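**Q** Below is the sequence, then the predicted model.
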Amino acid sequence: MIAALAGGVGAARLLRGLVRVVPPAEVTAVVNTGDDTVLHGLVICPDLDSVTYTLAGLNDEERGWGRRQESWVVMDALGRLGGETWFRLGDLDLATHLYRTQRRAEGVALSTVTTEIAGALGVAAHLVPVTDDELRTRVTLADGPEVDFQEYFVRHHHAVAVASVRFDGAERCTPAPGVADALERADALVVCPSNPIVSIGPLLAVPGIAERLRRRRHDVVAVSPIVAGAALRGPADRLMRELGHEPSVVGVARMYAPLVGTLVVDEADATRAAEVEDLGVRCVVAPTVMHSVDDAARLAAVVLDTVAGLRAGEGPAR
């Protein structure tokens with residue numbers, strides 16, 4: 001069984017590759033909920049939905065979020081009424097949020113609702129939120145105010161400088177049912193190519209998650225979300241720089257070193273492999289940019305081959 005720590009789009013793409021090279025039922029994705037928000041009275045879980053839609057083959061590749069063949073009748077009508085439309089919810093996407101909100105109002109746990117939605121959309125992999133408790137990423141902007149993550153990411157187009165990030169409620173959270181067991185029993189532990197601060201960070205802030213990775217550090221393989229000093233999508237590189245981390249594969253390795261034994265980096269960063277290994281992290285060089293499902297499957301195969309090599313006692317690959 002493979003357990004993967006997952007954020008949004010980058011994680012969804014790697015997971016899409018994983019379910020091509022192993023039976024989907026053998027994959028458990030532990031997904032970030034720090035990005036979750038409530039808008040128009042609806043419970044919205046962006047990372048869970050990105051992973052679900054991608055594995056269901058329903059995602060919009062061009063936008064990178066939401067569903068393909070989407071329509072915007074409701075948002076357009078809301079805009080004409082003067083309502084808030086900065087967070088665009090497509091008509092098909094709204095059905096997901098309406099169902100989730102209904103079930104949560106009935107007292108059903110988020111992990112159960114996630115299983116229901118994934119099953120209804122034909123996803124065979126196991127998707128589980130990191131916690132059923134309320135966990136919220138809060139961002140303090142450089143000019144002072146603290147805002148909800150979606151305010152920073154969507155309303156401000158993640159184009160404003162950040163002074164700090166915190167994970168509200170993390171200390172009161174417990175892992176969702178099945179999370180701890182998956183991390184303990186997995187044959188392979190994978191940290192997907194997600195923003196290390198605001199996608200993987202909330203997962204590690206939930207008590208017990210980081211400790212389990214630390215105990216199995218030798219088995220943990222991460223894929224760098226930074227290629228040649230830049231994020232392929234989103235603000236990971238800028239956030240790392242603004243919060244005092246080097247925006248590079250070396251910076252990623254330094255952040256992950258206590259928990260991750262191996263880092264997979266792109267061929268564009270091959271010259272920095274030795275610096276990664278100087279931090280005590282094995283470095284594997286491979287193509288990591290996933291333009292297609294085939295690319296994702298090839299990267300997934302590299303990750304699993306790396307895990308197999310580690311379990312067989314082989315040295316680091318370059």
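**A** Received it, and whenever you're ready, just let me know what you need.

**Q** can you pull out the strands in this protein?
**A** With DSSP state E as the criterion, the chain has strands at 2-6, 27-31, 37-39, 42-44, 126-129, 136-141, 146-148, 162-168, 188-191, 220-223, 226-227, 230-231, 262-265, 282-285.

**Q** Neighbouring strands of the fourth one in the sheet, and parallel or not?
**A** Each strand paired with strand 42-44, and its direction, by DSSP bridges: strand 37-39 (antiparallel).

**Q** neighbours of Glu62, just the number please.
**A** The burial count assigned to Glu62 is 6, neighbours taken as other CB atoms under 10 Å. No exception for glycine: its C-beta is placed from N, CA and C like everyone else's.

**Q** swap that for Glu151, please
**A** Using other CB under 10 Å, Glu151 is surrounded by 18 other residues.

**Q** Any figure for the gap between the nearest residue to it once chain neighbours are set aside and Leu204?
**A** Nearest residue to Glu151 in three dimensions, chain neighbours excluded: Val139, at 7.7 Å (CB to CB, 6 or more residues apart in numbering). Computed as CB to CB, to the nearest Å, the Val139 to Leu204 distance reads 17 Å.

**Q** pLDDT wise, what is the closest residue to Ser194 other than its chain neighbours at?
**A** Closest residue to Ser194 apart from its sequence neighbours, by CB to CB, 6+ apart: Gly7 at 2.9 Å. Listed pLDDT for Gly7 reads 94.

**Q** So Gly7 is in contact with Cys192, correct?
**A** Yes. Using CB atoms under 8 Å, Gly7 is in contact with Cys192, at 6.6 Å.

**Q** Spit out the residues that contact the two alike.
**A** Ile200 (CB atoms under 8 Å, 6 or more residues apart in numbering).

**Q** which one of those two has more residues nearby?
**A** Gly7 (30 against 27).

**Q** picking that back up, out of the strands of the chain, nearest to Leu98?
**A** strand 42-44 (6.7 Å; CB to CB).

**Q** Please state the mean pLDDT value computed over the closest one.
**A** What strand 42-44 shows for mean pLDDT is 97.

**Q** returning to what we had before: want to throw the strands of the chain into TSV with distance to Ser50?
**A** Below are the strands of the chain laid out as TSV (distance: least, CB to CB, whole Å):
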stretch	distance to Ser50
strand 2-6	9
strand 27-31	9
strand 37-39	14
strand 42-44	12
strand 126-129	11
strand 136-141	15
strand 146-148	18
strand 162-168	19
strand 188-191	17
strand 220-223	17
strand 226-227	19
strand 230-231	16
strand 262-265	21
strand 282-285	26
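
**Q** Can you get me a residue count around the spatially closest residue to Asn32 that is not a sequence neighbour?
**A** What sits nearest to Asn32 in space, not counting adjacent residues and going by CB to CB, 6+ apart, is Asp47, at 4.6 Å. By other CB under 10 Å, the residues close to Asp47 number 26.

**Q** Let me see the contact set for Asp47.
**A** Ala6, Gly7, Gly8, Ala11, Val31, Asn32, Thr33, Asp35, Ser199.

**Q** try 6 Å
**A** By CB atoms under 6 Å, 6 or more residues apart in numbering, the contact set of Asp47 is Gly7, Gly8, Val31, Asn32, Asp35.

**Q** can you redo these as TSV with distance to Ala257?
**A** Formatted as TSV, those follow (distance: CB to CB, whole Å):
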residue	distance to Ala257
Gly7	19
Gly8	24
Val31	24
Asn32	21
Asp35	25
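
**Q** What segments of this structure are helices?
**A** For the chain, the helices defined by DSSP state H cover 9-21, 46-55, 73-80, 91-105, 110-120, 149-150, 179-185, 201-205, 209-215, 236-242, 249-256, 273-278, 293-311.

**Q** between these, which gets nearest to Pro129?
**A** Pro129 lies closest, by CB to CB, to one member of these: helix 110-120, at 5.1 Å.

**Q** Counting by contacts, list what the closest one packs against.
**A** Applying 3 or more CB pairs under 6 Å, 6 or more residues apart in numbering; DSSP states H and E, one finds that helix 110-120 contacts strand 126-129.

**Q** Name the surrounding residues that touch the strand it packs on.
**A** So strand 126-129 is contacted by Thr28, Ala29, Val30, Val31, Thr33, Leu110, Ser111, Thr114, Ala118, Ala176, Gly178, Val179 (CB under 6 Å, 6+ apart).

**Q** Report how many residues lie close to the third one.
**A** So that's Val30. Counted with other CB under 10 Å, Val30 comes out at 27.

**Q** Pretty sure it sits against Asp181.
**A** No. Using CB atoms under 6 Å, Val30 is not in contact with Asp181, being 11.0 Å away.
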